[in-house]
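1. Quick one: sequence plus predicted model below, questions after.
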Amino acid sequence: MTKSFWASFHEVVEEADLVIEVLDARFPELTRNTSIENLVKANNKVLVFVINKSDLTNLEIVKTAKRELDTLGSVVFLSAQKRKGIARLHKVLRSFGEQAKKEIRVAVVGYPNVGKSSLINALTVRASARVSPKSGYTRGKQLIRLNDHVLLIDSPGIIPFYEKDEFLLALIGAKSAENISDAEGIALKLVQFILARNPKAIGKGFGVTLTKTEPIDCLEELARAKKKLIKHNEPDLDAIGKQLITKWQNGEIRLNS
Ligand SMILES: Nc1nc2c(ncn2[C@@H]2O[C@H](COP(=O)(O)OP(=O)(O)OP(=O)(O)O)[C@@H](O)[C@H]2O)c(=O)[nH]1
Ligand SMILES: [Mg+2]
């Protein structure tokens with residue numbers, strides 16, 4: 001990670017009393033950043049995990065991750081898009097504010113595309129007052145009052161994604177299908193990832209019935225079912241692969257379907 005990235009994160013963590021780390025519910029382990037978590041802890045700030053996009057998976061699937069997160073901070077399972085679980089998060093924040101007996105400042109951090117902005121919007125939808133920056137407060141940033149005790153820093157801290165692994169980029173939606181060089185290879189890994197969590201999810205996402213359990217067989221079966229064929233009636237794995245990646249990224253293939 002670059003120095004400037006760390007400098008800006010130190011700033012965020014210093015300004016906040018409580019830091020929300022947003023994770024993607026479909027793969028909370030992969031969207032955690034332990035360096036940030038350690039920084040929060042080292043500064044004696046409170047850590048809250050928001051497992052977002054819960055509409056795309058269920059608690060059963062994230063059970064193992066949640067058990068570990070529970071030891072590090074509060075965990076709230078929610079969907080910013082469907083506005084589910086927002087009240088619970090408000091409650092967690094309010095109770096920290098009350099315990100602290102002072103106004104607390106809350107920062108939202110996380111990898112690209114995990115839903116930081118959606119979360120801030122969902123949290124502030126009923127908050128009307130934008131608090132003008134106080135002296136000493138970083139210029140350009142604003143505080144939004146959530147309640148008597150809680151102020152939210154309105155710009156999220158984006159953790160840069162240095163990982164070069166195309167699969168991870170595809171998985172978290174940081175790289176779209178048309179920009180992926182090896183759509184077939186990535187799609188195969190994605191099929192494996194999804195099959196291990198919900199064998200029916202791909203068929204349901206495409207509106208077809210699939211019977212194969214090996215990734216390559218499954219992708220071929222899907223290509224045939226969707227009539228993605230090249231010459232000699234061979235399955236077009238690149239074309240179906242791209243379609244699969246796009247559907248996954250659009251949330252049309254759900255682990256809880
Ligand atoms: N299904 C689902 N999609 C969500 C949810 N929250 C956010 N999204 C979608 O995820 C995508 C990214 O959401 P953003 O809120 O822009 O994510 P972000 O973390 O601010 O992204 P960056 O600003 O790029 O770092 C958008 O297409 C959202 O509609 C959710 O709870 N469920
Ligand atoms: Mg954003």
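-> Ah, there it is. Numbers count the residues shown, from 1 in each chain. Ligands and ions are numbered 1, 2, ... in the order given.

2. Can you read off the pLDDT for the residue lying farthest from the centre of the chain?
-> Largest separation from the mean C-alpha position in the chain: residue 232, at 41.3 Å (C-alpha atoms, centre = their mean). Residue 232 is assigned a pLDDT of 93 by the prediction.

3. go on, residue 13?
-> We have a pLDDT of 89 for residue 13.

4. do the same with residue 90
-> 96.

5. what does residue 68 give?
-> 92.

6. What about it, how many residues nearby?
-> Residues near residue 68, counting by other C-beta atoms under 10 Å, number 13. Where C-beta positions appear, they are placed from N, C-alpha and C, glycine not excepted.

7. Is it in a helix, a strand, or coil?
-> For residue 68, the secondary structure call by DSSP: H, G, I helix; E, B strand; the rest coil comes out as helix.

8. give me the low-pLDDT residue ranges for this structure?
-> Regions of the chain meeting the criterion pLDDT under 70 cover residues 1-3, 127-141, 162-164.

9. From residue 203, how far off is the residue farthest from the centre of the chain?
-> 25 Å (C-beta to C-beta, to the nearest Å).

10. Could you check how far residue 104 is from residue 15?
-> Applying C-beta to C-beta to residue 104 and residue 15 gives a distance of 11 Å.

11. Those two: which is more packed in?
-> The neighbour comparison of residue 104 against residue 15 (other C-beta under 10 Å) goes to residue 104, with 22 against 17.

12. Touching, the more buried one and residue 149? I think so.
-> Yes: using C-beta atoms under 8 Å, residue 104 is in contact with residue 149, at 6.3 Å.

13. what touches both of those two?
-> 93, 96, 97 (C-beta atoms under 8 Å, 6 or more residues apart in numbering).

14. Quick check: the first one touching residue 18?
-> Yes: contact between residue 93 and residue 18 holds when scored by C-beta under 8 Å: they sit 7.0 Å apart.

15. and the residue in the stretch 151-257 of the chain that ligand 1 sits nearest to, what does it touch?
-> At 4.1 Å from ligand 1, residue 251 is the closest residue in the stretch 151-257 of the chain, using C-beta to the nearest ligand atom. Neighbour list for residue 251: 53, 55, 56 [criterion: C-beta under 8 Å, 6+ apart].
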